[in-house]
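In: This is a predicted model, with the sequence first.
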Protein chains: 2
Amino acid sequence: MHGILLFAHGARDPQWARPFEAIRDRLRARRPEFPVELAFLELMSPSLEEAVATLRGKGVAAITIFPLFMAPGGHIRNDLPRIVEQMRQAHPEVPIAVQRPIGEVPELLDAMAAWILADVD
Amino acid sequence: MHGILLFAHGARDPQWARPFEAIRDRLRARRPEFPVELAFLELMSPSLEEAVATLRGKGVAAITIFPLFMAPGGHIRNDLPRIVEQMRQAHPEVPIAVQRPIGEVPELLDAMAAWILADVD
């Protein structure tokens, strides 16, 4: 069983998390067989470590982290690899993969461009 | 003629802008008749004001700003409306509309969820 870990930055305003919660809820509705958790770098909980523990508790055999960031700033290039390395040492029996941020996924850039053109057309 | 203004945060690392440049380049390639500019809140140029001046120089009759942010934080809720209000006063003859951030567009959340499921399936 594969666990999906959505990763966002976090903010003080609880409303800020809504888009990420909406993606999580879509995934749970479409494919309830995949455990899905949302985690934050700072200012919101749970942390990545806490969400990995939750997924482990659900018995996942592997985890993929999806950084829901448009661009790969320092949080993705520095903070995330450091945290992932710590988690791999803490959970050596569970492979943890990290996907590209959404701004580096050609299909998603295509979808954004299409949405913009549909709006101005 | 409608001008498209893509709006991103900005960062010190020039590589950070690549996803936004990729969306701009897709729009220009698909529909060269729409003037498209990319602008940043801070740390990168041009600013929103500079990009509006560029679009005005290309003769646009209206402008739509697309905030390429996943979630509506303080930059979208406070900084952007203030800057847009100033620009509307400076260019009263050009209607300036502001679209939702990408994280509030249901079609794009659907596309992100579909991409995640395609990856773990």
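Out: Nice, I can see it.
In: Need the distance between the two termini of stretch A:87-95.
Out: Terminal residues of stretch A:87-95 lie 10 Å apart, using CA to CA, to the nearest Å.
In: Please compute how far the helix or strand of chain A with the lowest mean pLDDT lies from its chain's middle.
Out: Lowest on mean pLDDT, DSSP states H and E among the helices and strands of chain A sits helix A:74, with a mean of 83. Helix A:74 has its C-alpha centroid displaced from the chain centroid by 16 Å (CA atoms, centre = their mean, to the nearest Å).
In: so residue A:40 bridges to which residues?
Out: When bridges are called by DSSP bridges, residue A:40 pairs up with residue A:8.
In: Tell me who's in contact with it.
Out: A:7-10, A:17, A:46-47 (CB atoms under 8 Å, 6 or more residues apart in numbering or on different chains). In this view, the C-beta of every residue, glycine as well, is placed from N, C-alpha and C.
In: would you list those residues in CSV and tack on pLDDT, neighbour count and distance to residue A:69?
Out: Converted to CSV, those look like this (pLDDT from 0 to 100; neighbours: other CB atoms under 10 Å in any protein chain shown; distance: CB to CB, whole Å):
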residue, pLDDT, neighbour count, distance to residue A:69
A:7, 97, 26, 8
A:8, 96, 25, 8
A:9, 93, 22, 7
A:10, 94, 18, 12
A:17, 96, 20, 14
A:46, 98, 14, 18
A:47, 97, 15, 16
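In: out of the residues you listed, which one sits closest to residue B:59?
Out: residue A:9 (38.6 Å; CB to CB).
In: measure the closest one to residue B:60 for me?
Out: Residue A:9 sits 33 Å away from residue B:60, going by CB to CB, to the nearest Å.
In: now swap in residue A:75 and tell me
Out: 35 Å.
In: what ranges do the strands span in chain A?
Out: Applying DSSP state E to chain A gives strands spanning A:2-8, A:36-40, A:62-67, A:96-98.
In: possible to save the ones you listed as TSV with distance to residue A:84?
Out: Below are the strands of chain A laid out as TSV (distance: least, CB to CB, whole Å):
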stretch	distance to residue A:84
strand A:2-8	10
strand A:36-40	12
strand A:62-67	7
strand A:96-98	6
